[in-house]
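1. Take this sequence and fold it.
(chains A and B)
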Amino acid sequence: MKDSTDRIADPWGGRTPYPPGAAWPARTDTHLAAGVTPAAVDRWVQSASLLHSNGDAMDIAVKDGRIVGVRGRADDRVNRGRLGPKDLFGWQANASPDRLTRPLVREGGRLVESGWDTAMGRIVARSKELLRERGPGSIGFYTTGQLFLEEYYTLAVIARAGIGTNHLDGNTRLCTATAGEALKETFGCDGQPGSYADIDHADTIALFGHNMAETQPVLWMRVLDRLAGPDAPRLLCVDPRPTRVARHAAVHLAPRAGTNVALLNALLHELIRTDRVDHAYVEAHCVGFDELAARVADCTAEWAAAICDVPARTITEAAELLGSAERLLSTVLQGFYQSHQATAAAVQVNNLHLLRGMLGRPGCGLLQMNGQPTAQNTRECGANGDLPGFRNWENEQHVADLARIWNVAPEKIPHYAPPTPAMQMFRFAEQGSIRMLWISGTNPAVSLPELHRIRDILGQDRLFTVVQDLFLTETAQLADVVLPAATWGEKTGTFTNADRTVHLSDKAVEPPGEARPDLDIFLDYARRMDFRDKDDGPLITWHDPQSAFQAWQKCSAGRPCDYTGLSYDGLRGGSGIQWPCTEQAPDGTERLYTDGPAWAHAEACESFGKDLVTGAPVTEVEYRALNPDGKAVIKAAEYLPPHEDTSEEYPLQLNTGRTIYHFHTRTKTGRVPQLDSAAPDVWAEMSAAEAAARDLREGDLVEVSTPRGAVAARLRITAIRDGMVFLPFHYGYWDTAEGHRPAPDTAGRAANETTVTDWDPASKQPLYKTAAARVALLRRTDGTPGPAPTTTASAPLDPGSAPATTGGPAAHATQHTDDEEGTRP
Amino acid sequence: MSGITLVLKALHHGERDLEEELLKAAERHRTDHEIHHVATDIARWSHEHAARLADTGRHYGLDLSGPADDPSPGFLATLREKAAEAVGRRPEPGLLLLHDLRDLHLAATGNSLHWEMLAQAARATTDSRLLDLATACHPQTLRQMRWTNSMIKTLSPQLITSV
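-> Numbers count the residues shown, from 1 in each chain, chains lettered A, B, ... in the order given. Predicted coordinates:
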């Protein structure tokens, strides 16, 4: 089969059904620029997706020194050749005419072009001045989930052992911090227990706050292909919105925002009540069962139904589905991670699997998902508020080990307190104790909560801000120095997806103008700062991606994320490989914990855990007493009401989230014609009942406001639960007249004008899905429907009320399947 | 009044006081968002403890359901004054936060010691009602202590060295 379809209108493409236990058939998706044929391509360069966390393997088509398209890699374990809409079209952003091509420095209040020497000279001068006068605690680094492993590792060494600061975090804090924390709480260590291949085997797939259809479209294609085949799995969906996942679910629960722990406690209650517990597994591999049983003893379905506002009968049906599964795969994402009691809720999903003994076997998977493509790398390299190699900052041996690898004194590595999470770094900058903030590859002026506050912080005179990015983002417009960075396709490096699959991404073309790879920028800074080890040698001993990778391999050796069996040569030409990959496991490791937890011993673990309500670390002594044999920890949690509840003044719950067509703050996807026109502007979603109660109609311009700010958006009426209003979070101001903020005295466009500054105390992840809001009419529609896509969770309740989202000829991609393989696996 | 009623009374006072102090600190440090939210959340524990103490107190002839006692010029009040003086001289809000956390920690520690006394007396008199109460509540008091302690540990390096 070879055909061409509009992949904006049909983001998931055609089906290749397959039965349980079979290999997922290959389907090669290709999109080339108009007029370019595969035969005309000069060369194909190996890479993987950088616009979501799935890690879809692809080849970049290069012609005359320019990127002209992409093609999925059919032999890759992650995508078997498939690509999502962002993969297919996103590469065009690289060639945008408004790329930054020269460094900018602030002169007389304005950003003006300069050379690298001037720009780096200013950064180095300020760094040295601050180190001399205020110490390393005055300098912070805020990075992204979109750089490469080699870049994060280099940045981690610079920050921890060069500057000696505790202040280094990634914007993965906003998307994946809870995934990492939940794994640490349960297994003592980060690292995904499951594998994407578990979809091939599962008989039940439970998605907790995970709109997989839009966040990992290629993974969703795998689920769709199972659903289309014989012995299809049954789906459980927990989501307040009518996502594609919800439409395919056997059971759909749409709870009130902020009540996930109550819901999960009721599910656990039901499993224990009906004795759907694998007692042998729990006995052999877990501690804490009795405490959990006591904690959920009163959490009946009726109790949770009253809190969550879902039918008690549906909760028992969900429990029945989970309880009768023989091969259960669960996935968790932002519906849990960015909501009230984030870690507590995510940990309860781990508990489900421990209770049922559903780990370490095909189909018995647990995926605490990532929101960003290289989020896993920030976690393992220690660029996210952990120490590199999943080392424990409270374990002197781990710190000594790191000091030996870096050849520095252990005291040089700040470990007197936990590394500072992003939201606290911004608080320190607000207070004036952080005076320099180096922001690489992210856009906090759109992505952090309560934007007027963030703009105030970034706009302070006393804060010296460096922004390293591709474009003059909202954040870059507030910077003192702007460094033009090279991006995907313009530099070489590796990155790792949510199921531990490592891919190599090779350089395909030259970056524009004087733009430089992030690795080169960090290495240049280290050189100019003259960071030294304890023998007065250079602290950073590597000079290019491959030597940085080799340095990281040494750091990862013997830890769960062991990369020592990997190499550029091994990855090049081949397919993705899952860590740990060692001499003993040269092909990588598909599932962790096949013989029970392996990294939970006090000597080995990354963390002794935290109190799920207060975030206070558990001490080593307590941990040893609780878990002397290094088993998995079943950690109970009490439900707490959300911090900001609805009121007469603000009667609706505000929810924010993504659409399939955009990534993060639209820095790239907003510059891609097919993606931009599929979802061109912010919208607000409400149910028909809530709209009717306010006399609102499809397409009306409404103001969504909270105590912190307001957004003006056109209304889309969907099947979302009552009592809620939803805003997509991608939209900012770079493509408006104001540039980085709303026009004076008007409602904004960025959802985060309205969101609350509050974070989960354990994972420190901001809560973007917990706020109270009101909606008022600004202007009656002229008949134009809301700008929301009709293909996704934002589909109109009345299909006739908005024209179908399509991409036209420019959005066509070919999909090629080998029928022999495709229909008879 | 028996020894047990004295401890119950002191503990009831201590829990109500800690609830109030946590809520005050939450207000005062509204812009330190984690402090604000967590202090509000765990003030709830002290509220529950005070209610359970009042309930249990009835079995020992105590009426603890009335308004809070006037703050006595005791240990806590003295500490508050000292903190205020310190803050008066050094107006940085970060230092005020550390002082408040220190006060909260000491208040929770005081309650913890009272819970310990109560549990020990309950064991000595085989009073299961009191032992159950202490067993249910004391762990949450310990969590309040661990939180204040860990926030002091985390924030001190930055807040003290930056002024």
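2. drop to CA atoms for contacts and neighbour counts, all remaining ones
-> Noted.
3. Could you report the separation of the residue in the stretch 1-150 of chain A that chain B sits nearest to from B:Leu98?
-> Residue nearest to chain B within the stretch 1-150 of chain A: A:Gly137 (6.5 Å; CA to the nearest CA). Note on A:Gly137: its distance to B:Leu98, by CA to CA, to the nearest Å, is 17 Å.
4. Please say which of these two ends up with more neighbours.
-> A:Gly137 (24 against 20; other CA atoms under 10 Å in any protein chain shown).
5. so who does the more buried one touch?
-> A:164-167, A:433-434, B:158, B:162 (CA atoms under 8 Å, 6 or more residues apart in numbering or on different chains).
6. okay, these in JSON lines with pLDDT and distance to A:Asp760 next?
-> As requested, the contacts of A:Gly137 are arranged in JSON lines below (pLDDT from 0 to 100; distance: CA to CA, whole Å):
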{"residue": "A:Gly164", "pLDDT": "97", "distance to A:Asp760": "26"}
{"residue": "A:Thr165", "pLDDT": "97", "distance to A:Asp760": "23"}
{"residue": "A:Asn166", "pLDDT": "96", "distance to A:Asp760": "20"}
{"residue": "A:His167", "pLDDT": "98", "distance to A:Asp760": "18"}
{"residue": "A:Ser433", "pLDDT": "95", "distance to A:Asp760": "23"}
{"residue": "A:Ile434", "pLDDT": "97", "distance to A:Asp760": "22"}
{"residue": "B:Gln158", "pLDDT": "94", "distance to A:Asp760": "21"}
{"residue": "B:Ser162", "pLDDT": "82", "distance to A:Asp760": "26"}
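7. Sort out for me which of those are in helices.
-> B:Gln158 (DSSP state H).
8. where are the low-confidence patches of the chain?
-> With no chain named, the answer covers chain A. A:1, A:819-825 (pLDDT under 70).
9. I was after chain B.
-> B:1, B:66-92.
10. got the residues of it near chain A?
-> B:32-34, B:37-38, B:41-42, B:143-144, B:146-147, B:150-151, B:153-154, B:158-159, B:162-163 (CA under 8 Å from any CA of the partner chain).
11. List only buried entries from the residues you listed.
-> B:32-34, B:37-38, B:41-42, B:143-144, B:146-147, B:150-151, B:154, B:158-159, B:162 (16 or more other CA atoms under 10 Å in any protein chain shown).
12. right, and A:Ala485 touches A:Leu519 too?
-> No - A:Ala485 is beyond contact range of A:Leu519, at 9.5 Å (criterion: CA atoms under 8 Å).
13. in the stretch 551-700 of chain A, what residue is nearest chain B?
-> Counting by CA to the nearest CA, the stretch 551-700 of chain A gets nearest chain B through A:Ala616, at 4.9 Å.
14. quick one, what contacts that residue?
-> A:610, A:762, B:143, B:146-147, B:150-151.
15. Can you list phi and psi of the closest residue in space to it that isn't next to it in sequence for me?
-> Nearest residue to A:Ala616 in three dimensions, chain neighbours excluded: B:Trp147, at 4.9 Å (CA to CA, 6 or more residues apart in numbering or on different chains). Per-residue torsions, B:Trp147: phi -70, psi -50 (degrees, to the nearest 10).
16. what's B:Trp147 in contact with, if anything?
-> B:Trp147 neighbours (CA under 8 Å, 6+ apart): A:614-616.
17. ok, these vs B:Gly61, which is closest?
-> Of all these, B:Gly61 sits closest to A:Thr614, with 35.5 Å by CA to CA.
18. And for the closest one, the neighbour number?
-> Neighbour number of A:Thr614 under other CA under 10 Å is 24.
19. do A:Pro419 as well
-> Neighbour tally, A:Pro419, other CA under 10 Å: 22.
20. which SS state does A:Leu236 fall under?
-> The three-state label given to A:Leu236 by DSSP: H, G, I helix; E, B strand; the rest coil is strand.
21. ok, it touching A:Ala249?
-> Yes - the criterion here is CA under 8 Å, and A:Leu236 meets it with A:Ala249 at 5.4 Å.
22. A:Thr589 should be in a helix, yeah?
-> No - secondary structure of A:Thr589 (three-state DSSP): coil, not part of a helix.
23. Chain neighbours aside, what residue packs nearest to residue 128?
-> Using chain A. A:Met529 (7.8 Å).
24. actually chain B
-> In space, B:Ser128 is closest to B:Ala122, 6.8 Å off (CA to CA, 6+ apart).
25. Which strand or helix spans the one you found?
-> Per DSSP states H and E, B:Ala122 falls inside helix B:93-124.
26. centre of the chain versus that helix, how much separation?
-> Chain-centre distance of helix B:93-124: 5 Å, with CA atoms, centre = their mean, to the nearest Å.
27. which other helices and strands contact it?
-> helix B:3-28, helix B:75-89, helix B:128-161 (3 or more CA pairs under 8 Å, 6 or more residues apart in numbering or on different chains; DSSP states H and E).
28. just to revisit the earlier point, between the contacts of B:Trp147, which is closest to A:Leu777?
-> A:Thr614 (39.9 Å).
29. isn't there a helix covering that closest one?
-> No - going by three-state DSSP, the assignment for A:Thr614 is coil, not a helix.
30. Quick check: it touching A:Ser763?
-> No - contact between A:Thr614 and A:Ser763 fails when scored by CA under 8 Å: they sit 10.7 Å apart.
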